[in-house]
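Just need the structure, nothing else, for what follows:
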Amino acid sequence: MKNTNVTDNCNRKKVNVYSYTRWSSEGQSDGDSERRQIQMAENWCARRGLSLTGGEKDEGVSAWKGRNRSEGSGLSRLLKLVRPGDYLLIEDLDRLSRQNWLTTMNFVAEIVTKGVTVVTLSNGNEITAEKFGRDPGCFLPALLRAFLGNDENEKKSERIRASWEARKQQMRTGKAANLHLPCWLAWDDDVDKPVLVENNAAVIRKFFELSLQGMGCQTVARKLHKDGDRLVVKGKRRERVLTVGTSYIWRTLRNKMCIGYGTYVEPPQPNVYPRVVSDSMFYSVQARLEANHHQTAPRASSDVNLFTGLARCSKCGGPLSKFSQCKKKTYPYLVCSDSVHRHGQCGVRSIRYDQVEQTFLSLLAHTPLVRSILNGRPEEPSVLDTLKGKLADARASSEKFFRLIDCDPNPSKRLSDALKAAEAKEAELHAQIEVETAKARTATPAAQVYDGCLDLFGRGLKPEDRGRLRLALRDFVDRIVVDLEEKHYDVYFHGCKLPITVHPLSARDWTFDPAPMWTAYNEKVAALAAS
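Model prediction:
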């Protein structure tokens with residue numbers, strides 16, 4: 001019979017030796033840090049007649065804030081592996097932690113309490129639970145070095161923070177600073193200013209061009225991968241190829257550094273960096289992204305429904321989606337998505353999709369009526385007018401608080417905070433006005449977009465034309481509000497407060513209110529203005 005007691009005793013006598021190596025930055029991966037630490041561990045084992053059982057490493061992981069101790073790190077895996085009686089070899093305590101001395105001491109105590117012996121290879125010191133409790137000399141020198149390492153990190157942090165603030169202040173004056181530049185920019189030391197990296201800039205321009213063609217970020221990423229387009233960043237030691245995914249493309253399309261803004265300060269400063277695309281292309285893409293935000297159908301089938309993101313339920317305001325019912329024949333309907341998918345309160349009411357599309361295209365075919373609406377004076381104040389009004393109020397508040405503080409030699413903290421808040425609001429409104437002004441300069445007039453689609457009205461839409469019309473509708477139609485109970489809908493064009501109400505009476509009969517006679521519409525506008 002097998003003697004289990006002998007086997008257990010042999011297992012207990014077996015000594016496991018593990019090494020832990022770490023370095024703080026990716027640049028050190030190309031250096032000698034890993035080889036040096038592993039060689040020290042192997043030399044110690046050779047002197048003791050032991051061999052390394054295994055080891056873990058954390059490449060480019062800082063221990064200043066304890067990131068090397070987070071779940072999933074090499075150190076966290078190693079601490080789950082070690083057992084009482086095992087050895088943990090490290091170059092010095094600063095490989096385990098560069099946090100403050102108390103945190104480091106508690107962390108070492110936590111390890112040795114498990115029965116693990118921590119060996120600092122730089123001086124051959126072995127820290128056990130017994131020595132840690134009775135002999136402070138076994139860990140105090142290493143602890144002092146760890147404290148000095150933490151103090152050095154704190155000093156570097158303060159200097160880096162001060163350097164960043166100085167460069168941000170430089171950017172506030174409209175001068176470029178050598179901060180974290182995106183991949184399409186590089187700092188030219190010879191001329192002391194940023195320049196475009198043309199290879200990467202061409203790929204970034206392709207982001208915008210494909211987005212303007214109606215592609216979503218995921219489709220753009222697939223297209224770039226298929227075409228073999230890459231973004232390459234040249235480092236001091238090697239080149240890196242960036243991973244171009246959906247989130248990276250979305251962030252880039254939204255990044256105002258593409259049009260030369262310095263975005264590291266508030267408000268962002270224009271004309272700081274070389275632009276990679278024009279203002280018109282950038283803001284056109286922003287409009288596309290905003291439109292895609294309201295997408296309610298998969299991209300592959302979205303062109304089937306011209307009203308995706310435009311049609312809304314009059315009762316709950318939820319989006320309408322296309323739904324097909326098959327009996328003897330397939331009939332498409334528009335139904336409230338909130339009721340179907342979120343158990344809304346509208347009930348499963350619907351309106352025939354083919355009737356809505358046919359009547360809507362008939363309305364757009366009345367060119368004099370639609371042109372009169374789009375070329376007419378907007379009845380509602382524009383976003384830019386609203387922002388300017390808010391800016392005037394913010395300036396008045398700032399002036400009021402400034403006068404109160406100016407007259408008081410010892411103003412209260414609440415008053416000072418109120419002044420800072422008012423000034424911050426004023427700066428925010430300035431930035432918003434700047435964005436809206438740029439959009440207004442680059443936006444294509446709604447009437448011009450409509451005129452570009454005239455060839456699509458008055459005849460059956462071809463499948464290849466549906467996507468073009470669906471994207472164009474957002475530029476001159478604000479929204480379509482559908483009353484699913486009364487079976488009619490209101491079309492709101494950009495810049496007009498009064499809608500055109502369409503009543504589909506049957507498959508071939510419908511009415512408009514107001515009728516295509518523009519006189520009736522003008523009378524309503526005049527009555528509204530008088531009220």
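
Quick check: next helix or strand after the lengthiest helix in the chain?
Secondary structure of the chain per DSSP state H: the longest helix is helix 140-172. Moving toward the C-terminus from helix 140-172, the next helix or strand (DSSP states H and E) is strand 185-188.

can you list contacts of that next one?
For strand 185-188, the external contacting residues (Cβ atoms under 8 Å, 6 or more residues apart in numbering) are 178, 181, 193-197, 234, 257, 273-274. From N, CA and C alone the C-beta is placed, and that goes for glycine too.

Which neighbouring elements make contact with the strand or helix carrying Tyr248?
Using DSSP H and E, Tyr248 falls within helix 246-254. Here helix 246-254 touches helix 198-212, helix 217-227, helix 279-293, going by 3 or more Cβ pairs under 8 Å, 6 or more residues apart in numbering; DSSP states H and E.

Return the angle between stretch directions for that helix and helix 279-293.
140 degrees (axes from the mean of the first three to the mean of the last three Cα atoms, to 10 degrees).

And the contacts of helix 246-254?
Outside helix 246-254, the residues touching it (Cβ under 8 Å, 6+ apart) are 182, 204, 207-208, 211, 217-218, 220-221, 242, 258, 285-286, 289.

on that earlier part again, same for the longest helix of the chain, what does it pack against?
helix 93-96, helix 101-112, strand 125-127.

Work out for me the element Gln325 sits within.
strand 320-326.

Now find how far off-centre that strand is within its chain.
A distance of 33 Å separates the centroid of the chain from that of strand 320-326, by Cα atoms, centre = their mean, to the nearest Å.

Going by neighbour count, which residues in that strand are buried?
320-323 (16 or more other Cβ atoms under 10 Å).

and of these, the nearest to Pro136?
Of all the buried residues of strand 320-326, Pro136 sits closest to Ser321, with 71.5 Å by Cβ to Cβ.

residues in contact with Cys313?
319-320, 336, 338, 346, 481-482, 484.

what's the answer for His503, then?
487-488, 510-513.

got the angle for the helix or strand where Val335 lies vs strand 320-326?
Here Val335 sits within strand 330-336, counting by DSSP H and E. Angle between the axes of strand 330-336 and strand 320-326 is 150 degrees (criterion: the same axes, to 10 degrees).

What are the buried residues along strand 330-336?
Those would be 332-336, for strand 330-336 by 16+ other Cβ under 10 Å.

any idea how the protein splits into domains?
Per automatic domain parsing, the domain ranges recorded for the chain read 4-150, 185-293, 303-531.

closest one to Glu165 among those?
So among the domains of the chain, domain 185-293 is nearest, using Cβ to Cβ, at 10.3 Å.

Gln37: neighbour count?
Gln37 has 23 neighbours, counted by other Cβ atoms under 10 Å.

circling back: closest to Lys315 among the buried residues of strand 330-336?
Using Cβ to Cβ, the buried residues of strand 330-336 come closest to Lys315 at Cys336, 7.6 Å.

measure that closest one to Val356 for me?
14 Å (Cβ to Cβ, to the nearest Å).

Please apply the same query to Lys193.
Distance from Lys193 to Val356, by Cβ to Cβ: 56 Å.

go on, Leu498?
If you go by Cβ to Cβ, the gap between Leu498 and Val356 works out to 20 Å.

now the strands for the stretch 251-400 of the chain?
Along the stretch 251-400 of the chain, counting by DSSP state E, counting those that start in this stretch, strands occupy 311-313, 320-326, 330-336, 350-352.

Looking at those, which is nearest to Ser51?
For Ser51, the closest of the strands of the stretch 251-400 of the chain is strand 320-326, at 66.2 Å, according to Cβ to Cβ.

Run through the neighbouring helices and strands of that closest one.
strand 311-313, strand 330-336, helix 337-342.

Among these, single out whichever gets nearest to Leu363.
strand 311-313 (14.1 Å).

does Gly55 sit in a helix, a strand or a coil?
strand (DSSP: H, G, I helix; E, B strand; the rest coil).

Closest one to Ile38 out of the buried residues of strand 320-326, please.
For those, the nearest to Ile38 is Ser321 (60.2 Å; Cβ to Cβ).

contacts for stretch 416-425?
Against stretch 416-425 from outside (Cβ under 8 Å, 6+ apart): 394, 397-398, 401-402, 405.

lowest-pLDDT helix or strand in the protein?
helix 4-13 (a mean of 42; mean pLDDT, DSSP states H and E).

And the next helix or strand past it?
Counting by DSSP H and E, what follows helix 4-13 is strand 17-22.

any idea of the mean pLDDT for that following strand?
Averaged across strand 17-22, the pLDDT comes to 94.

do stretch 187-203 as well
Stretch 187-203 comes out at a mean pLDDT of 89.

What of stretch 257-264?
Mean predicted confidence for stretch 257-264 is 85.

quick one: terminal-to-terminal distance for that stretch?
10 Å (Cα to Cα, to the nearest Å).

Equivalent analysis for stretch 273-284, please.
21 Å.

again, but for stretch 230-249
Start-to-end, stretch 230-249 (Cα to Cα) is 13 Å.

quick revisit: tabulate the buried residues of strand 320-326 (JSON lines), appending pLDDT and distance to Pro84.
Putting the buried residues of strand 320-326 into JSON lines (pLDDT from 0 to 100; distance: Cβ to Cβ, whole Å) gives the following:
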{"residue": "Leu320", "pLDDT": "85", "distance to Pro84": "67"}
{"residue": "Ser321", "pLDDT": "82", "distance to Pro84": "63"}
{"residue": "Lys322", "pLDDT": "83", "distance to Pro84": "66"}
{"residue": "Phe323", "pLDDT": "79", "distance to Pro84": "66"}
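
Need those residues in a markdown table (columns: distance to Phe360).
Formatted as a markdown table, the buried residues of strand 320-326 follow (distance: Cβ to Cβ, whole Å):
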| residue | distance to Phe360 |
| --- | --- |
| Leu320 | 13 |
| Ser321 | 16 |
| Lys322 | 14 |
| Phe323 | 18 |
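
if we take those, which one ends up nearest to Gly72?
Ser321 (40.8 Å).

mind listing what the residue lying closest to the closest one once chain neighbours are set aside touches?
Leaving aside its sequence neighbours, Ser321 sits nearest to Ser337 (Cβ to Cβ, 6 or more residues apart in numbering; 4.5 Å). For Ser337, the contact set (Cβ under 8 Å, 6+ apart) comprises 296, 318-321.

likewise Asn125?
119, 138-139, 141-142 are the contacts of Asn125 under Cβ under 8 Å, 6+ apart.

and with 6 Å instead?
Cys138 (Cβ atoms under 6 Å, 6 or more residues apart in numbering).

again, but for the one 4 residues further on
Neighbour list for Ala129: 112-113 [criterion: Cβ under 6 Å, 6+ apart].

ok, so what distance separates it from Thr117?
9 Å.

swap in Ser33?
24 Å.

How about Lys155?
In this view, Lys155 and Thr117 are 33 Å apart by Cβ to Cβ.

Comparing those two, which residue is more hemmed in?
Thr117 (20 against 10).

Quick check: phi and psi on the more buried one?
In terms of degrees, to the nearest 10, the main-chain angles of Thr117 are phi -100, psi 120.

Quick one: mean pLDDT for stretch 87-107?
pLDDT averaged over stretch 87-107 gives 85.

likewise stretch 430-449?
72.

hmm, back to that, for the buried ones among the contacts of helix 246-254, write the corresponding PyMOL selection.
Command for PyMOL that selects the buried part of those, burial taken from 16+ other Cβ under 10 Å:
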select buried, resi 182+204+207+208+211+217+220+221+258+285+286
